[in-house]
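[1] Quick one, fold the following:
(3 chains)
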Amino acid sequence: MTFRRKGAAMMAAALAVALSLGACSQGGTDGGDAPTGSPVLMNGTEPQNPLIPTSTNEVGGGRIIDNLFARLVYYTADGETKMDMAESVTSDDDQVWTAKLKAGQVFSNDEPVDAAAFVDAWNWAANPANAQLNASWFSIIEGYEDVQDGTADTLSGLEVVDETTFTITLVAPDPNAVIQLGYSAYSPLPKSAFDDIAAYGQNPIGNGPYKLASDDAWQHDVQIELVPNDKYTGDRQPKNVGVTYVFYQDNKAAYNDILADNLDVLDQIPNDFMESFVAELGDRAVNETGSLFQSFTIPSRLEHFDGDEGALRRQALSLAINRQEICDTVFAGSRTPAKEFSSPLMPGWSDSIPGNAILGYDPTEAQRLWAAADAISPWTGQFKIAYNADGPHAEWVQAVLNSIHNTLGIETAPDPYPTFQASRTVITDRTIQSAFRTGWQADYPSIYNYLAPLYSSAAADGQGSNDGDYKNPQFDAELAAGLSETDMADAAVQFNKAQEILLRDLPAIPLWYQNIIGAKSTNVSNVLFGWDTVPIAYLIEKAA
Amino acid sequence: MGWYIGKRVLQMVPVFIGATLLVYAMVFLVPGDPIQAMFGERAVNPNVAAQIRQQYHLDQPFINQYLIWLGGIFQGDFGTSFSGRPVIDEIAQVYPTTVRLALMALVLEAVLGVVLGAVAGLRRGRWFDSTALVLSLLLIAVPTFVMGFLLQAVVGVKLKWLPVTVGADVSLRSLLMPAFVLASVSIAYVLRLTRTSVAENAQADFVRTARAKGLGAGQVVRRHILRNSLIPVVTFLGVDLGALMGGAIVTEGIFNIPGVGNKLFQAIIRGQGPTVVSLVTILVLVFMLTSLIVDLLYAALDPRIRLV
Amino acid sequence: MDESGLGQIDALDESVPPASLWREAGRKLVRRPSFIVAAVMILIVVAVTCFPGLFASGDPNSGCFLASRFGGPSAGHPLGFDQQGCDIYTRIIHGARPSVLVGALTMLTVLLLGGTVGALAGWRGGWLDAILSRLGDIFYAIPTVLAALVFLNSQKDRSGVVMVVLVIAAFAWPQMARITRGAVLAVKNADFVTAARALGVSNRRILVSHVLPNAAAPMIVTATVSLGTYIVLEATLSFLGLGLPLTMHSWGSQISAAQGLIRTHPEQLLWPSAALALTVLAFIMLGDAVRDALDPKARR
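    The predicted structure follows:
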């Protein structure tokens, strides 16, 4: 979940919420230490799709889905993968994986969470006839192609062994496959869901730490009320009596509510309050390093951005941007200048990859490189950066362009598209005639997930999210080498070697990492943000 | 009378079809593929995309889409939004809020506008009149969104007199500030309209006659001046109800009110043709009906108008 | 912001002004203090619109340094700096052009389009009147902000002054058409028209030399008053991020950029808002004065 569809669309992607819980009674609210008080009020946005795990790919619905469903594994706040529904997920050859479920687990309506609940849900979601937005997640499983072209109804790579065991055969060996299985698309569904999937999507029955408070808990465009699901026996036991996500169209409205204590947890601060929010909120303010990477991409098909000339101009532009100053002023310290292409929260992140001086600010060198490019072919026209005006991008785009204008003396102009939809379409069909903003947040905690989907040759030409159609076989080879490492630390070292190539070619120009910025009310405690920058709902405690 | 109403209703049919077709065409022209946007920055699965397009008739030519939608309307089916909800549910959810907001605005403009306007009109040229005139000019000149932010910051955040935003709490109290902002320009119009009208009637022959008859000043004002002056005001108020409902987009956004304006804005941004057109259709219907009622009322109030 | 507005008020008195009205109106106008004030303000605004370079020497798209972000007033920078470190005064001066340009061009377009349609409908009557009136109703029934929102969303690549003018005019002309139609209808059967017809004057000549000059008063009043409304509408669209390119620095987009600073840096919101409000005020006062001068009922 990597995109922001609306300004209010909150700052991150919402999938796995997690933290390992040491002391927590198994088995729900029957214990003597059941939490008391009123529900925790958290900010959210109206889900844009039915509340089905494989239909939901945006943050508004994602954060709800994550509380309503549990998968084989979950992620801790540090990005560690732990067992949730599964007792174990193992493999001898990294290609055929065996998932063994804990016995006796049920959905909130007492239907069993068995092997079939997983396999049926995945088969159903992979089938294009069911129009699930997350269908492509199952492309790692054998038989996916046959289901896509209609020659098969189910994935041949999924097999139920017994009531609590099933096997997953991958298309190719992957030592880290378990990490991916924590993504929300890999949730199970109860049998009754398929009776009337449309009704189910409005009123889902799940197996996660929370369930809907009532049949009409989802008040569209207003809020959704969740209460603890006492049938859930996993680690993520709620420490509150419920969570209500209040939907805001405008994050300034949410900010005003947190000031007035009408909201308990806010996971983003409107740009305009960046300077004042720490002063206004004191120790209720949150500002930590986050995992959203922001950049802008200059496709090489643009005039003056191909070949040697293009390489020089990209480097000159990168050196012309005073990232530190923009982070300090425009963002009031809520962004951290980028040192590479992933996020400081990723295991194995390094701030000293050779060649990252290109991400510094050096006006003289920038002018020299720009002049060298002019010697190849003189610069003409305006330099524009496109962005979607329904997101909070106008101010920093203008600041970046001013920095470029002041350093290189060229004419610049912001190029807003009214909606995410409009900008996305021209980027995808490659008709856009300017540079454009890009941003990425991993779906699971790995540097690899910041690189492969964006810069690998396989992801170019509309096959992935490589919007600049960057292709470099050397980079592909380094990535592949990293992927074959079984040890996570070794893999990260290898991925960082691949990044050296990116720092030379600059397929995207890294800008900064977005911090986790938020706020809490005076009534709540233990507000923690996960590795994906989403506040962890079940851990929050609220005074009665 | 019956014939006149019949004729007016008949005239509404082409207007209704024209207006909905126009809006449908505009939404259809919104650039970008809504289905592609549903996939975010990820690669689009073409099979899934095709399935969704078929589901929402997006694979059909524009005019077919419109006809399918129009056909549905006559069976009470407004289609389904991308979030899987019947559009009729969305309409039922957002309209009461906006109607409440618009009615509150209407009451505010009627009360404030008529009272201030009448006093100003009776004291034409005096300081109260001048102040009211300047005030009304300011209300017109300060754009709604500026007025909204100003009141929000002062009355809501600084003084804490009223809630800053509305959200789920659609109470009279929380709607008061947005209703005033929404009504602000109209308050000025009603004020000026009442003022002119009252000032004119105050010098009319029938008022002079009434005075000569020895009627008390209060009675003259109530019975003769106000009653006659309010005809154009009522007309304006009636037509304004539709305009208030349609003009609530900015106000609802600033105050986070879950009404028609907010829903419309979201639907436009996401290219949800059926939702946009269905919401606008109701606005158009409200507008046409209030116009009709106003015309009838006008005729009833003013005997000089013949219904032909 | 809504198109019904003052026009409807004006629509209530569609009486035909006698020929001497114009001279008398002119004499009355120059004696009115509000007209003098409005005229002076408009002259200034127009001068700024035509020659922004005379008032602010800087380039509004240059000289923005974050180091001077929110800097207070200093020599050569009377209003200080905005959140990008740009000179506020320069931006305000250059923001006049889009507002006035859109307002004036929209007014002319509406006058032309609405006037023509209204005159045709009123003069010809019959089925043409019916069709044109229903066509007007269609556009009238759709709220202008909404229509502009949808339409400008769909025309990203062609954004600019012409587009914004056309969109606002497309949904604002029916009001002008109604007023013109009413005025033409009122004149159509006047004695001097009947006389001209009896003398064998051609239809077109009657329309051009007798009917239109007499229908002009309500049209001009409506047009002047609406101008302020169109400027507000442009600002609203810019505020919503639609229409004009950001490099034009419309006051609306300046307000939009400063909207969240109302607590921390209220002056950022104040300057463009004041510029906008004063400009609108000037045009509305002008319209008000012109209407009073032309209104036979007010001639006492």
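
[2] contacts and neighbour counts: CA atoms only from here.
    Will do.

[3] Just the residues contacting the helix or strand harbouring C:S253, thanks.
    Secondary-structure assignment from DSSP states H and E places C:S253 in helix C:251-258. For helix C:251-258, contacts defined as CA atoms under 8 Å, 6 or more residues apart in numbering or on different chains pick out A:395, B:146, C:92, C:95-96, C:99, C:234-241, C:246, C:268-269, C:272-273, C:275-276.

[4] Could I have the CA atoms of it written out in CSV?
    Output of helix C:251-258 as CSV, limited to C-alpha atoms (Å, rounded to 0.1, in the frame of the first residue of the first chain):
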residue,chain,number,x,y,z
TRP,C,251,-5.7,35.3,-5.1
GLY,C,252,-7.8,32.3,-4.7
SER,C,253,-4.8,30.0,-5.0
GLN,C,254,-2.9,32.2,-2.6
ILE,C,255,-5.7,31.9,0.0
SER,C,256,-5.7,28.2,-0.6
ALA,C,257,-2.0,27.9,0.0
ALA,C,258,-2.3,29.9,3.2
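
[5] and whichever helix or strand comes after that helix, which residues are buried?
    Proceeding N to C from helix C:251-258, the next assigned helix or strand is helix C:266-294, under DSSP H and E. By 16 or more other CA atoms under 10 Å in any protein chain shown, the buried positions in helix C:266-294 come out as C:267-294.

[6] close to chain A, is helix C:266-294?
    No: Helix C:266-294 lies out of reach of chain A by CA under 8 Å from any CA of the partner chain, never closer than 11.8 Å.

[7] What average pLDDT does that helix get?
    For helix C:266-294, mean pLDDT is 85.

[8] Taking their axis directions, it and helix C:251-258 sit at what angle?
    150 degrees (axes from the mean of the first three to the mean of the last three CA atoms, to 10 degrees).

[9] Run through the residues of the stretch 351-500 of chain A sitting next to chain C.
    A:389, A:395, A:398-399, A:402-403, A:405-406, A:413-415, A:417-418.

[10] and if we set it to 7 Å?
    A:A389, A:A399, A:N402, A:A413, A:Y417, A:P418 (CA under 7 Å from any CA of the partner chain).

[11] likewise chain A?
    Counting by CA under 7 Å from any CA, the residues of chain A near chain C are A:D272, A:F273, A:A389, A:A399, A:N402, A:A413, A:Y417, A:P418.

[12] same check, this time on the stretch 51-200 of chain B
    B:L137, B:L138, B:A141, B:V142, B:P143, B:A153, B:Y189, B:L193.

[13] Which entry within those residues corresponds to the minimum pLDDT?
    B:A153 (76).

[14] Just give the number of residues close to it.
    18 (other CA atoms under 10 Å in any protein chain shown).

[15] Same check on the one 4 residues further on?
    Counted with other CA under 10 Å, the burial measure for B:V157 works out to 18 neighbours.

[16] need the contact list for it.
    B:V164 (CA atoms under 7 Å, 6 or more residues apart in numbering or on different chains).

[17] And the pLDDT for it?
    Residue-level confidence at B:V157 comes out at 72, pLDDT.

[18] Likewise for A:A254?
    So A:A254 comes in at 86 (pLDDT).

[19] and it, that's in a helix?
    Yes: per DSSP: H, G, I helix; E, B strand; the rest coil, A:A254 lies within a helix segment.

[20] doesn't A:D146 make contact with A:S156?
    No: shown here, A:S156 and A:D146 do not form a contact pair, counting by CA atoms under 7 Å, at 8.7 Å.

[21] any idea which element the spatially most distant residue from the centre of chain A lies in?
    The centre of chain A is farthest from one residue, A:A375, which by CA atoms, centre = their mean lies 41.8 Å away. Assessed by DSSP H and E, A:A375 sits inside helix A:363-376.

[22] what is the mean pLDDT for the very next helix or strand once past that helix?
    Note on helix A:363-376: by DSSP H and E, the next helix or strand toward the C-terminus is strand A:383-388. For strand A:383-388, mean pLDDT is 93.

[23] name the element the closest residue to B:F265 other than its chain neighbours belongs to?
    Take B:F265 and drop its neighbours on the chain: the residue closest to it by CA to CA, 6 or more residues apart in numbering or on different chains is B:I249, 7.1 Å away. Using DSSP H and E, B:I249 sits within helix B:248-254.

[24] Now the helix or strand just after that helix - C-alpha only, PDB.
    As assigned by DSSP H and E, the chain's next helix or strand after helix B:248-254 is helix B:260-269. What follows is helix B:260-269, C-alpha atoms only, in PDB (Å, rounded to 0.1, in the frame of the first residue of the first chain):
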ATOM      1  CA  VAL B 260     -24.300  15.900  -0.300                       C
ATOM      2  CA  GLY B 261     -21.500  18.300  -1.000                       C
ATOM      3  CA  ASN B 262     -18.800  16.200   0.600                       C
ATOM      4  CA  LYS B 263     -20.200  13.100  -1.100                       C
ATOM      5  CA  LEU B 264     -20.300  14.800  -4.400                       C
ATOM      6  CA  PHE B 265     -16.800  16.000  -4.100                       C
ATOM      7  CA  GLN B 266     -15.500  12.500  -3.400                       C
ATOM      8  CA  ALA B 267     -17.600  11.000  -6.100                       C
ATOM      9  CA  ILE B 268     -16.300  13.500  -8.700                       C
ATOM     10  CA  ILE B 269     -12.800  12.900  -7.700                       C
END
